[in-house]
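Novice: Using only what follows, build the 3D model:
(one chain, ligands or ions: 2)
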Amino acid sequence: MVKLHDLHFKPFISEDKIQEVVQRMVNEIAHDLGDEVPVFIGILNGSFMFVSDFVKKYPKACEVTFIKLASYEGLKSTDDIQRLIGLTQDLTGRTVVILEDIIDSGKTLAEVHRIFKNENVKELKIATLFYKPEAYKKDFKLHYVGIEIPNKFIVGYGLDYDGLGRDLPAIYQLKTTQHMTNFVLFGPPGAGKGTQAEFLKEKYSLVHISTGDVFRFNIKNETALGMLAKSYMDKGELVPDQVTIDMLNAEVEKNADAKGFIFDGFPRTNAQAEALDKLMDEKDSQINAMIALEVDDEVLVQRLLERGKTSGRADDADESIIRNRIKEYYKKTAILKDYYSAQDKYYGVDGVGSIEDITARLSNVIDSL
Ligand code: IMP
Ligand code: MG
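Specialist: Ligands and ions are numbered 1, 2, ... in the order given. As a prediction, this is how the structure comes out:
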């Protein structure tokens with residue numbers, strides 16, 4: 001994802017795809033123009049990358065120049081009329097191909113036609129790399145169209161958002177902020193957090209990010225962040241929060257279109273909770289809730305001892321270990337409960353009952369977010 005000023009953009013058309021389309025346009029135009037030496041005219045600023053790639057690929061002799069349309073300044077009620085900068089060449093009798101980066105409403109194109117009416121060119125052809133058919137309001141013929149795109153704002157490859165983004169080699173599309181449901185799921189060992197996360201993720205199309213899984217994945221796949229994390233673990237040191245946050249960031253980025261995230265196993269400290277808030281803020285989003293499954297200690301102990309009989313997990317077999325894990329859990333979550341309570345985001349949910357009942361209780365909270 002790319003952030004320009006206040007907006008977020010997601011990858012839309014790759015560099016390779018653009019080059020493929022430019023090549024196709026070159027082939028069509030070169031074929032149609034035969035032995036004519038055309039004058040390619042790029043409309044600045046947006047078309048500079050397109051024109052550059054286009055003429056590099058053009059297999060025959062050609063001329064290339066640029067013009068720029070600028071609004072008259074200081075004149076009222078004429079802001080529709082534009083002034084032309086840069087056309088110094090005599091185009092009488094020449095075949096001119098306008099190279100446009102994008103045609104949207106067609107207003108710019110109308111100006112181009114108005115300006116070229118008096119140039120006595122032999123032929124005026126219009127080629128545009130991107131075209132938004134839903135936005136186009138004119139009926140000038142578009143002789144060559146690279147890619148038709150939906151009526152959404154794009155940046156990159158010459159196109160800008162308020163001055164930024166022209167330098168990006170690929171095309172990005174404006175990410176229209178959809179409502180996301182992001183929450184941190186808590187529950188003492190044996191509360192059924194994993195089971196519930198599975199149901200909720202399906203029901204709400206959320207992405208479940210378990211820090212434990214993320215760590216294991218990165219270390220197993222020897223990603224740069226995984227190796228970095230491992231280097232601390234090997235020394236017996238805690239992995240710095242920033243490394244964990246960077247891994248979570250990568251997970252969030254991978255799922256840029258998700259309806260929301262369930263964070264599991266993170267944050268564990270105030271500093272981590274703050275870092276997570278900052279991360280979500282950068283994504284124009286936020287943590288909506290901390291949802292904690294509440295289960296009485298004695299019930300947990302019984303559940304875990306039962307599980308220990310079949311799972312063979314050593315830490316599920318010993319009652320004093322179990323009690324200690326539960327105690328640790330409350331010690332850690334107490335801090336976070338305070339952190340999220342202060343923002344009115346803490347929700348305790350009764351975790352005793354059937355799986356369906358508990359899912360229904362959790363759903364009530366999520367639906368209210
Ligand atoms: P038109 O005059 O409405 O056809 O729009 C053409 C001009 O609007 C382009 O030259 C761009 O400067 C700008 N434009 C239209 N759509 C986009 C877009 O999605 N991203 C960036 N600029 C755009
Ligand atoms: Mg333009």
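Novice: which element follows the helix or strand hosting Glu251 toward the C-terminus?
Specialist: Per DSSP states H and E, Glu251 falls inside helix 241-254. Using DSSP H and E, the helix or strand that follows helix 241-254 towards the C-terminus is strand 261-264.
Novice: packing partners for the helix or strand following that following strand?
Specialist: Using DSSP H and E, the helix or strand that directly follows strand 261-264 along the chain is helix 270-282. If you count contacts as 3 or more CB pairs under 8 Å, 6 or more residues apart in numbering; DSSP states H and E, helix 270-282 packs onto helix 241-254, helix 319-342. (C-beta placed from N, C-alpha, C; glycine too.)
Novice: Next up, phi/psi of Tyr347, please.
Specialist: Reported as degrees, to the nearest 10, the phi and psi values for Tyr347 are phi -130, psi 120.
Novice: Apologies, that question was intended for Cys62.
Specialist: phi -160, psi 160.
Novice: count of neighbours near it?
Specialist: By the criterion of other CB atoms under 10 Å, Cys62 has 18 neighbours.
Novice: To Glu123, which of the helices and strands packed on helix 270-282 lies closest?
Specialist: helix 241-254 (47.4 Å; CB to CB).
Novice: What are the contacting residues of that closest one?
Specialist: The contact list for helix 241-254 (CB atoms under 8 Å, 6 or more residues apart in numbering) reads 1, 207, 209, 211, 214-215, 218, 225-226, 228-229, 232, 258, 261, 263, 266, 269, 271-272, 275-276, 279, 283.
Novice: Throw together a PyMOL command that grabs the buried residues out of those.
Specialist: The following PyMOL line selects those of those that are buried, judged by 16 or more other CB atoms under 10 Å:
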select buried, resi 207+209+211+214+215+218+225+226+228+229+258+261+263+266+272+275+276+279+283
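Novice: circling back to that earlier point, just say which of the helices and strands packed on helix 270-282 is most tucked in.
Specialist: helix 241-254 (a mean of 17; mean count of other CB atoms under 10 Å).
Novice: can I get the helices and strands packed on helix 270-282 in TSV with distance to ligand 1 and mean pLDDT?
Specialist: Below are the helices and strands packed on helix 270-282 laid out as TSV (distance: least, CB to the nearest ligand atom, whole Å; pLDDT from 0 to 100):
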stretch	distance to ligand 1	mean pLDDT
helix 241-254	22	91
helix 319-342	39	90
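Novice: As a markdown table, those helices with distance to His179 would be great.
Specialist: Putting those into a markdown table (distance: least, CB to CB, whole Å) gives the following:
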| stretch | distance to His179 |
| --- | --- |
| helix 241-254 | 16 |
| helix 319-342 | 20 |
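Novice: Now render those as JSON lines, adding distance to ligand 2.
Specialist: Shown next, in JSON lines, are the helices and strands packed on helix 270-282 (distance: least, CB to the ion, whole Å):
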{"stretch": "helix 241-254", "distance to ligand 2": "30"}
{"stretch": "helix 319-342", "distance to ligand 2": "48"}
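Novice: And those: which comes nearest Lys60?
Specialist: Lys60 lies closest to helix 241-254 among the helices and strands packed on helix 270-282, at 43.5 Å (CB to CB).
Novice: Next, the residue of the chain found nearest ligand 2: secondary structure please.
Specialist: Closest to ligand 2 within the chain is Gly46: 3.7 Å, counting by CB to the ion. Here Gly46 is recorded as coil under DSSP: H, G, I helix; E, B strand; the rest coil.
Novice: Just give the nearest non-adjacent residue to it, would you?
Specialist: Among residues not flanking Gly46 along the chain, Asp101 sits closest, at 3.7 Å (CB to CB, 6 or more residues apart in numbering).
Novice: correct me, but the one you found touches Val155?
Specialist: No. Contact criterion CB atoms under 8 Å: Asp101 and Val155 do not qualify, at 11.0 Å.
Novice: Against Ala70, how distant is Thr88?
Specialist: According to CB to CB, to the nearest Å, Thr88 stands 16 Å off from Ala70.
Novice: These two - which one has more neighbours?
Specialist: Taking neighbours as other CB under 10 Å, Thr88 and Ala70 compare with Ala70 leading, 11 against 7.
Novice: what is the more buried one paired to in the beta sheet?
Specialist: Arg83 (DSSP bridges).
Novice: wait, what's in contact with it?
Specialist: Applying CB under 8 Å, 6+ apart, the residues contacting Ala70 are Gln82, Arg83, Leu84, Ile85.
Novice: neighbour-wise, which of the residues you listed leads?
Specialist: Gln82 (19 neighbours).
Novice: any idea how far Ile355 is from it?
Specialist: Distance, Gln82 to Ile355, by CB to CB: 66 Å.
Novice: One more: Asp367?
Specialist: Distance from Asp367 to Ile355, by CB to CB: 18 Å.
Novice: Those residues of the stretch 51-200 of the chain touching ligand 1, which are they?
Specialist: When proximity is defined by CB under 6 Å from any ligand atom, the stretch 51-200 of the chain lies next to ligand 1 at 101-109, 153-155, 159.
Novice: my read: His8 touches Tyr172, true?
Specialist: No. At 9.0 Å, His8 and Tyr172 do not qualify as touching, with contact defined as CB under 8 Å.
Novice: Pick out whichever of those two has more residues nearby.
Specialist: Regarding His8 and Tyr172, a neighbour count based on other CB under 10 Å identifies Tyr172 as having more, with 23 against 18.
Novice: and Phe263, what does it touch?
Specialist: Asn182, Phe183, Val184, Leu185, Ile209, Thr211, Leu248, Leu276, Ile287.
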